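Enquirer: only geometry, no sequence info:
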């Protein structure tokens with residue numbers, strides 16, 4: 001730490017280094033694959049405006065389409081941080097802040113069974129739209145270990161979006177209540193089928209192992 005006007009050359013500005021890391025990551029982001037993203041915030045940037053900060057801290061969220069791509073992106077962030085530290089004369093510590101979420105592996109066998117049950121309520125499921133990535137969840141970690149489904153159902157029109165006030169209103173609408181009832185019934189029926197049908201379980205596990213062996 002140092003006084004920014006009295007003896008600025010005697011300090012090592014950790015905040016300036018962190019800001020530079022944001023700049024480097026912005027440049028990196030322009031050449032990342034479509035599904036890979038890095039978002040960050042400054043969680044500690046100093047304690048007073050008249051002190052060169054000797055410590056700064058940021059938190060970054062990384063997303064990618066696959067677990068392998070996420071690992072690669074994590075390595076790129078570490079390389080960027082270490083490069084900035086070398087260039088600015090600072091020292092960097094990179095730590096994982098949360099459990100890593102793995103990419104989701106859908107069970108087509110169970111998804112088809114669920115879709116058939118949901119169809120009785122007049123709701124038709126469609127394959128995910130290419131280029132649309134719907135968030136991050138620890139259900140991906142579950143799906144690497146057992147056959148898993150994670151269907152999305154609409155409670156708004158095609159032009160609607162979640163994380164909006166309109167979505168909050170839609171969540172308490174009569175349409176949302178009807179969809180929830182239909183989905184709950186379809187999930188329960190699918191679970192009952194899994195419990196009752198050895199053939200269904202065997203087919204689900206077979207496809208699960210095939211996907212794991214192929215690295216999907």
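Expert: Good, I have the coordinates. This one's a predicted model, so the numbers in the text were calculated from it and none came from an experiment.

Enquirer: residue ranges with poor pLDDT in the protein?
Expert: Residue ranges of the chain with pLDDT under 70: 132-134.

Enquirer: How much space separates the residue nearest the centre of it from residue 35?
Expert: The chain has residue 136 as the residue nearest its centroid, 2.8 Å off, counting by Cα atoms, centre = their mean. Applying Cβ to Cβ, to the nearest Å, the value for residue 136 to residue 35 is 11 Å. In short, each C-beta sits where N, CA and C put it, glycine included.

Enquirer: intersection of neighbour lists for the two?
Expert: residue 63 (Cβ atoms under 8 Å, 6 or more residues apart in numbering).

Enquirer: Contact partners for the residue nearest to the centre of the chain?
Expert: 63, 101.

Enquirer: State the helix or strand in which residue 43 lies.
Expert: strand 37-44 (DSSP states H and E).

Enquirer: Now do that strand: which elements does it pack against?
Expert: Applying 3 or more Cβ pairs under 8 Å, 6 or more residues apart in numbering; DSSP states H and E, one finds that strand 37-44 contacts helix 14-29, strand 57-63.

Enquirer: Determine the set of other helices and strands touching the shortest one.
Expert: The helices and strands touching strand 57-63, judged by 3+ Cβ pairs under 8 Å, 6+ apart, are helix 14-29, strand 37-44, helix 67-88.

Enquirer: again, 7 Å this time
Expert: strand 37-44, helix 67-88 (3 or more Cβ pairs under 7 Å, 6 or more residues apart in numbering; DSSP states H and E).

Enquirer: would you turn these into CSV with mean neighbour count and distance to residue 8?
Expert: Formatted as CSV, the helices and strands packed on strand 57-63 follow (neighbours: other Cβ atoms under 10 Å; distance: least, Cβ to Cβ, whole Å):
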stretch, mean neighbour count, distance to residue 8
strand 37-44, 14, 20
helix 67-88, 16, 14
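
Enquirer: could you dump the ones you listed to TSV with distance to residue 108?
Expert: Formatted as TSV, the helices and strands packed on strand 57-63 follow (distance: least, Cβ to Cβ, whole Å):
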stretch	distance to residue 108
strand 37-44	27
helix 67-88	19
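
Enquirer: With respect to residue 150, which of those lies nearest?
Expert: helix 67-88 (15.8 Å; Cβ to Cβ).

Enquirer: about what we covered before: could you look over the helices and strands packed on strand 37-44 and pick the most buried one?
Expert: helix 14-29 (a mean of 17; mean count of other Cβ atoms under 10 Å).

Enquirer: Counting by contacts, list what that one packs against.
Expert: strand 37-44, helix 67-88.

Enquirer: now do 10 Å
Expert: With contacts taken as 3 or more Cβ pairs under 10 Å, 6 or more residues apart in numbering; DSSP states H and E, helix 14-29 sits against strand 37-44, strand 57-63, helix 67-88.

Enquirer: Distance to residue 176 added to the ones you listed, as CSV?
Expert: Below are the helices and strands packed on helix 14-29 laid out as CSV (distance: least, Cβ to Cβ, whole Å):
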stretch, distance to residue 176
strand 37-44, 29
strand 57-63, 27
helix 67-88, 32
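
Enquirer: just to revisit the earlier point, Provide the contact partners of the strand holding residue 43 at residue level.
Expert: 14-15, 18-19, 21-22, 25-26, 28-29, 32, 53, 55-64, 73-74, 76-77, 80, 97, 133 (Cβ atoms under 10 Å, 6 or more residues apart in numbering).
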